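> with the sequence up front, the predicted model follows.
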Amino acid sequence: MGNVFVLDHPLIQHKLTYIRDKRTGTKEFRELVDEVAMLMAFEITRNLPVQEIDTDTPVTTAKTKVLAGKKIGLIPILRAGLGMVDGMLDLIPAAKVGHVGLYRDPETLTPHEYYIKLPSDIEERELIVIDPMLATGGSANDAIESLKKRGAKNIRLMCLIAAPEGVEVIKEAHPDVDIYLAALDEKLDEKGYIIPGLGDAGDRLFGTK
Ligand SMILES: O=P(O)(O)OC[C@H]1O[C@H](OP(=O)(O)OP(=O)(O)O)[C@H](O)[C@@H]1O
Ligand SMILES: O=c1cc[nH]c(=O)[nH]1
Ligand SMILES: [Mg+2]
């Protein structure tokens with residue numbers, strides 16, 4: 001089974017409080033999501049492999065460490081996942097970015113794919129699928145299936161908030177995928193919204209409601 005990590009760093013939790021707050025407007029919401037994504041990227045990359053090299057300092061030679069060439073791909077699920085890309089690229093500037101366009105039908109809650117564009121070498125990359133919300137799990141499940149169908153081998157999922165229902169769907173369907181969250185909430189409501197959640201992430205990021 002995949003692991004579920006709730007990143008309870010105080011800075012992440014502090015910012016998440018204001019992301020949830022209904023009084024937070026679009027500009028501040030976007031900035032906070034960007035900042036939390038950067039902090040989460042810091043935590044999620046903690047176990048990347050490093051290799052030791054010799055580095056000449058002005059004084060002597062030091063044994064130092066550099067990243068061991070593991071290539072990363074960020075895969076935001078459109079639209080709301082876009083809000084987390086720049087924050088992550090601040091820390092991982094060499095990452096390539098692929099896009100999966102999905103929307104959830106508001107009646108059936110079924111995801112529909114409308115776009116996909118990926119780096120050509122996804123099978124060699126450590127992929128991080130990004131979406132602020134993991135609700136029923138349908139969208140993330142579809143995105144991960146799409147990536148695997150195209151050869152992806154190493155996938156992690158990073159979300160701000162998840163419902164237990166969505167986590168179970170991903171654990172069941174993709175036991176190889178670790179899940180990184182800022183919060184694991186209580187449940188879904190009858191419309192498939194996460195309770196307590198933050199509302200509609202896409203609408204709050206882009207000001208479309
Ligand atoms: O786990 P699920 O039940 O599939 O729900 C989660 C999905 O719903 C939201 O996207 P939405 O369909 O609202 O599209 P948007 O990002 O374009 O607003 C969210 O960003 C996830 O992609
Ligand atoms: O609570 C939810 C559930 C799905 N999508 C959202 O943006 N918010
Ligand atoms: Mg939305």
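Ah, there it is. Model, not experiment: these values are computed from the prediction. Residues are numbered from 1 along each chain as shown. Ligands and ions are numbered 1, 2, ... in the order given.
> looking at this protein, which helix is longest?
The single longest helix within the chain, with elements called by DSSP state H, is helix 26-44.
> for it, buried residues please.
Applying a neighbour-count criterion of 16 or more other C-beta atoms under 10 Å, one finds 29-44 buried in helix 26-44. In short, each C-beta sits where N, CA and C put it, glycine included.
> what's the answer for stretch 99-108, then?
Of the residues in stretch 99-108, those buried by neighbour count under the rule 16+ other C-beta under 10 Å are His99, Val100, Gly101, Leu102, Arg104.
> let me know the closest of those to ligand 1.
Proximity of these to ligand 1 was ranked by C-beta to the nearest ligand atom; the top entry is Arg104 with 3.3 Å.
> now the closest one, nearest residue through space, not along the chain?
In space, Arg104 comes closest to Pro111 once its chain neighbours are excluded; the distance is 5.4 Å by C-beta to C-beta, 6 or more residues apart in numbering.
> can you pull the contacts of that neighbour?
With contacts defined as C-beta atoms under 8 Å, 6 or more residues apart in numbering, the neighbours of Pro111 are Leu102, Tyr103, Arg104, Asp105, Gly138, Ser139, Asn141, Asp142.
> correct me, but the second one touches His112?
Yes - taking C-beta atoms under 8 Å as the contact criterion, Tyr103 and His112 are neighbours in contact, 5.8 Å apart.
> so the residue of the chain found nearest ligand 3 versus His99, what's the distance?
For the chain, the residue closest to ligand 3 is Gly202, as judged by C-beta to the ion, at 3.1 Å. Gly202 sits 14 Å away from His99, taking C-beta to C-beta, to the nearest Å as the criterion.
> could I have the CA atoms of the helix or strand where Pro76 lies written out in CSV?
With the criterion set as DSSP states H and E, the secondary-structure element containing Pro76 is strand 72-78. Taking Å, rounded to 0.1, in the frame of the first residue of the first chain, the C-alpha atoms of strand 72-78 are listed here in CSV:
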residue,chain,number,x,y,z
ILE,A,72,11.6,15.3,-11.8
GLY,A,73,8.4,16.0,-13.7
LEU,A,74,5.6,18.1,-12.2
ILE,A,75,2.1,17.1,-13.5
PRO,A,76,-0.5,19.7,-12.5
ILE,A,77,-4.2,18.6,-13.0
LEU,A,78,-5.8,21.6,-14.7
